[in-house]
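S.K.: After the sequence you'll find the predicted model.
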Amino acid sequence: LSIKKVQNDVPVTLAVVTPLSAANVMPEARAAKAHGALDHSTNYLNISWKNPESDLAGEYICEGIGVEASGKNIAFSDSIFVSYEYASTEEYVSTLFQLHKELDQSQAKLNAAYAAGNKTQSELVETQTRLSRRQLPDDCIPVVSNATGCDDPKLTVGYHILEIVPKDGLGPIKVLCHVRIQGEGWIVFQKRFDGSVDFYRNFRDYEVGFGTVSPSTEFWLGLENLRRLLVDNGDENGLRVDMTERGTAFNFTRIYPIFRVGPGDGYTLIADGYSDGGKGLSENSGAKFSTYDNDHSLGCPSSLRLAGWWFHEGCGFVNLNGLWGLASGEASMFWYEIYNHPTHSMQATEMKFRPFPSPVRV
């Protein structure tokens, strides 16, 4: 059996099948595929193109040549004219609509797969974090009710959740204590490590605090609470900042023996006593707290104030409330003094304080 196409009045063979060989496509068929068989039970031959073009239209001939059992030669031939038609506008629209529908369905499945993957990844990261820090789940960490404060010698080394009742009579404050040396605990007022909490907030949010106070969650304790706790210590406190650099896991610590935050007219920062060459937090000392809706920065561009912070004129050399996940730049979580340039951002930060002039040890 053979299939031919008439070209310039001459039949050109495109495909052939014989009892001794499978369907074979001739070079003239140009990327066609042929299927066929010729035996006692089956005899057929077809040819097809995946993306047919208009020049494939024309006259096609199917020919059969063979020998009967008696030895007599037999032959037959039949032809058909194949035309090429363009789809109508309605057919195109219908096809496009169906393709869009299938695309939407595929996108929905892809989104569901991404969501499942992200959930699994989040659970894995949380589990790894808890294991690495040997922490209990949040709902298994009790609020210690019989401790007098973060310096209570009953608190073991590690993290503890307490309720501290300042002497101002305004009620208790739930805090996270980080006990590095038994009997010397720090109150954590800023904690970041995974970007799960948005720090681009208005001024009121920064006053009252946001996030969940916990060893395994991000949070900001609140300027009002911070001020109350600092004053409750006689306004004699030291600041400790622990940082982990993004991409390297290098750890850095800075301690300022003098740390104060002013009253609610601006919560002015005082940080002193550590020699950072004027390129650390000491440069921000004297600045009022600014947010996008309450700017006291004296000219720091809004493009660099993508979080609440003590921005000074020229923005300063530190912003640990900047955009988490940003690799570098003055809008990221950076500390200029470490590399003398804001090209390295932080992955994790903890800002904490404790009473001073009692010894402030690393």
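M.R.: Here it is on my side, so go on. Numbers count the residues shown, from 1 in each chain.
S.K.: Assess the claim that residue 310 and residue 266 are in contact.
M.R.: No - using Cβ atoms under 8 Å, residue 310 is not in contact with residue 266; the gap is 9.3 Å. Quick note: C-beta positions are derived from backbone N, CA and C, even for glycine.
S.K.: More neighbours: which of those two?
M.R.: A count of neighbours by other Cβ atoms under 10 Å puts residue 310 above the other of residue 310 and residue 266, at 26 against 16.
S.K.: Just the pLDDT for the more buried one.
M.R.: You'll see residue 310 listed with a pLDDT of 95.
S.K.: Could you name the residue of this protein that is farthest from its center?
M.R.: Here the centre of the chain is the reference, and by Cα atoms, centre = their mean the most remote residue is residue 70, at 79.2 Å.
S.K.: Just checking the distance from stretch 95-109 to the centre of its chain.
M.R.: 26 Å (Cα atoms, centre = their mean, to the nearest Å).
S.K.: Can you tell me what sits against it?
M.R.: With contact meaning Cβ atoms under 8 Å, 6 or more residues apart in numbering, stretch 95-109 is reached by residue 87.
S.K.: Am I right that residue 111 sits in a strand?
M.R.: No - if the criterion is DSSP: H, G, I helix; E, B strand; the rest coil, then residue 111 is helix and not within a strand.
S.K.: could you measure it against residue 105, distance?
M.R.: 11 Å (Cβ to Cβ, to the nearest Å).
S.K.: in its sheet, what does the host helix or strand of residue 63 sit against?
M.R.: Using DSSP states H and E, residue 63 sits within strand 58-67. Take DSSP bridges as the rule and strand 58-67 pairs in its sheet with strand 2-7 (antiparallel), strand 73-82 (antiparallel).
S.K.: want to throw the ones you listed into JSON lines with distance to residue 17, mean pLDDT and mean neighbour count?
M.R.: JSON lines is the format used below for these (distance: least, Cβ to Cβ, whole Å; pLDDT from 0 to 100; neighbours: other Cβ atoms under 10 Å):
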{"stretch": "strand 2-7", "distance to residue 17": "8", "mean pLDDT": "92", "mean neighbour count": "18"}
{"stretch": "strand 73-82", "distance to residue 17": "15", "mean pLDDT": "90", "mean neighbour count": "10"}
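S.K.: With distance to residue 229 added, can I get those in TSV?
M.R.: Shown next, in TSV, are these (distance: least, Cβ to Cβ, whole Å):
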stretch	distance to residue 229
strand 2-7	90
strand 73-82	87
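S.K.: what about those, which gets the closest to residue 189?
M.R.: Nearest to residue 189, of all the strands paired with strand 58-67, is strand 73-82, at 80.1 Å by Cβ to Cβ.
S.K.: Buried residues, stretch 179-190. List them.
M.R.: In terms of neighbour count (16 or more other Cβ atoms under 10 Å), stretch 179-190 has its buried residues at 179, 184, 185, 186, 187, 188, 189, 190.
S.K.: meant to ask about stretch 201-219, not that
M.R.: Across stretch 201-219, burial judged by 16+ other Cβ under 10 Å covers 201, 203, 205-207, 209, 211, 213-219.
S.K.: Would you mind listing the residues touching both of residue 310 and residue 266?
M.R.: Contact criterion Cβ under 8 Å, 6+ apart; residues bridging residue 310 and residue 266 by contacting each: 288, 289.
S.K.: which stretches of this protein have low pLDDT?
M.R.: By pLDDT under 70, the weakly predicted segments of the chain are 114, 117-146, 342, 357-362.
S.K.: repeat that for 50
M.R.: 131-136, 138-140 (pLDDT under 50).
S.K.: who's in contact with residue 233?
M.R.: residue 355.
S.K.: Tell me how far it lies from residue 259.
M.R.: The value you get for residue 233 to residue 259, if Cβ to Cβ is used, is 10 Å.
S.K.: Residue 75 too?
M.R.: To residue 259, residue 75 is 105 Å away according to Cβ to Cβ.
S.K.: re earlier: and the residue farthest from the centre of the chain, what helix or strand is that in?
M.R.: Using DSSP H and E, residue 70 sits in no helix or strand.
S.K.: can you give me the strands in the stretch 151-300 of the chain?
M.R.: Along the stretch 151-300 of the chain, the stretches classed as strands by DSSP state E, counting those that start in this stretch are 158-164, 173-181, 184-192, 210-211, 219-220, 237-245, 251-261, 269-272.
S.K.: want to throw those into CSV with distance to residue 16?
M.R.: Formatted as CSV, those follow (distance: least, Cβ to Cβ, whole Å):
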stretch, distance to residue 16
strand 158-164, 81
strand 173-181, 83
strand 184-192, 73
strand 210-211, 76
strand 219-220, 78
strand 237-245, 71
strand 251-261, 76
strand 269-272, 89
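S.K.: so which of those strands comes closest to residue 29?
M.R.: Nearest of the strands of the stretch 151-300 of the chain (Cβ to Cβ): strand 237-245, 63.8 Å.
S.K.: which other residues reach the closest one?
M.R.: Outside strand 237-245, the residues that touch it by Cβ under 8 Å, 6+ apart are 186, 193, 230, 250-260, 271, 273, 281, 320, 335, 338, 344-356, 360.
S.K.: just curious, which of the buried residues of stretch 179-190 is nearest to residue 325?
M.R.: The shortest approach to residue 325 among the buried residues of stretch 179-190 belongs to residue 190, at 16.8 Å (Cβ to Cβ).
S.K.: How much space separates that closest one from residue 344?
M.R.: Taking Cβ to Cβ as the measure, residue 190 falls 19 Å from residue 344.
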